[in-house]
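Engineer: predicted model and sequence below, questions to follow.
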Amino acid sequence: MNTAALLISKTFLREYHEDVILGLKSFKIYQPTIKEMISMFNGLDLSVNEKTNNFDIIFSMPEHVDDACRSISRAVTLKSSFMTYLAFNYIRRFASVEQIHKAAETLSSVISGDKLFKACHLEKSSETIKTEFLGNTNMMGQVASFMENLHLSYKEVFEDISYPQLLMMSADKLRISTGEKERVVSGRDLLKKKKK
Amino acid sequence: MKRYKVLQLGKKTYAITSLSPKICKRLIISLRGYKVEELKDIPELMNISINSIAIVLAGNGLFRLLKRFFIKRQLIAQLSEDEIIEWLNVILESIPSKEFYKFNIIINQFNNLTAK
């Protein structure tokens, strides 16, 4: 089985996960649904930008570090609230901030479906689109477009199907190509044509 | 490979690797007692520095309060004021501010995904 097929089958079965090490234990990060994603970052307000200096970050650490641990603990234990509580206390005490940062990076790659999109070679449409699209500025708009484009119910989009799977479904949906298809022609093909 | 700094106190050596969130929180809260205007008052500042060094060295175990008490006593007995400031410098350098900053940027990206 090739890697793309393996990744897609694992995504369908919701078995795809990435391992992260926090403290001395290894945790699994599964692909979250939109509901789980929102609960992960619920109330997490970290106002950091390029202008924030080192001193400000250190000064604001005690207030924000618990929230950071809480969001990572929700990511590694998606459903059970008791396990989230245990994981939160474990991460707070034994994981280092470096490990938490690495876990957040892994989580972002799982949510955006980096590996899945790399492994699957999606066809790009060559048509030049002049119309501008508005909307999709927040998650509600995204839910609405998923519901409309994929003809799914609200519950299916919000609770049942994982976010990377929704992205993949809408990216690889069967659609009509109106423009001309770009063809990559090799030197050999050109030579063959000339001989004929 | 993990980077770590070694501090030797009496017969024991302490390796400081990367701090856990709980220790970071305790350390920064204890350092908030520092006031630049009161720098002349050395004994009080020494107490704060010794306390913050002891917090890091004692770790997160069950007997951390007991450990902290003994480490504080050792620090007062064995180190001079200059050495304490040097140790405090080493501990301040180990605060993972860069990692926390990068983590914050990732979280901000997620927040932008939810609502711009």
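Structural biologist: Everything's here; your move.

Engineer: every contact and neighbour count from this point should use C-alpha atoms.
Structural biologist: Will do.

Engineer: bridging residues for residue A:18?
Structural biologist: Beta bridges link residue A:18 to residue A:29 when assigned by DSSP bridges.

Engineer: that one reaches residue A:26, doesn't it?
Structural biologist: No: look at residue A:18 against residue A:26 with C-alpha atoms under 8 Å: they stay out of range, at 10.1 Å.

Engineer: neighbour count winner among those two?
Structural biologist: residue A:18 (16 against 10; other C-alpha atoms under 10 Å in any protein chain shown).

Engineer: list the contacts for the more buried one?
Structural biologist: A:28, A:29, A:30, A:106, A:110 (C-alpha atoms under 8 Å, 6 or more residues apart in numbering or on different chains).

Engineer: from residue B:32, how far out is the last one?
Structural biologist: It refers to residue A:110. The gap separating residue A:110 from residue B:32 is 38 Å, by C-alpha to C-alpha, to the nearest Å.

Engineer: cool, the fourth one as well?
Structural biologist: The gap separating residue A:106 from residue B:32 is 33 Å, by C-alpha to C-alpha.

Engineer: those two: who's more crowded?
Structural biologist: residue A:106 (15 against 10).

Engineer: next, the more buried one: phi, psi?
Structural biologist: Residue A:106 adopts backbone torsions of phi -60, psi -40, taken as degrees, to the nearest 10.

Engineer: distance of it from residue A:63?
Structural biologist: 24 Å.

Engineer: same check on residue B:81?
Structural biologist: Distance, residue B:81 to residue A:63, using C-alpha to C-alpha: 31 Å.

Engineer: who's more crowded, those two?
Structural biologist: residue B:81 (15 against 12).

Engineer: what about residue B:61, how many residues nearby?
Structural biologist: By the criterion of other C-alpha under 10 Å, residue B:61 has 10 neighbours.

Engineer: equivalent analysis for residue A:77, please.
Structural biologist: Neighbours around residue A:77, by other C-alpha under 10 Å: 20.

Engineer: what's the closest non-adjacent residue to it?
Structural biologist: In space, and not counting its chain neighbours, residue A:77 is closest to residue A:84: 5.6 Å by C-alpha to C-alpha, 6 or more residues apart in numbering or on different chains.
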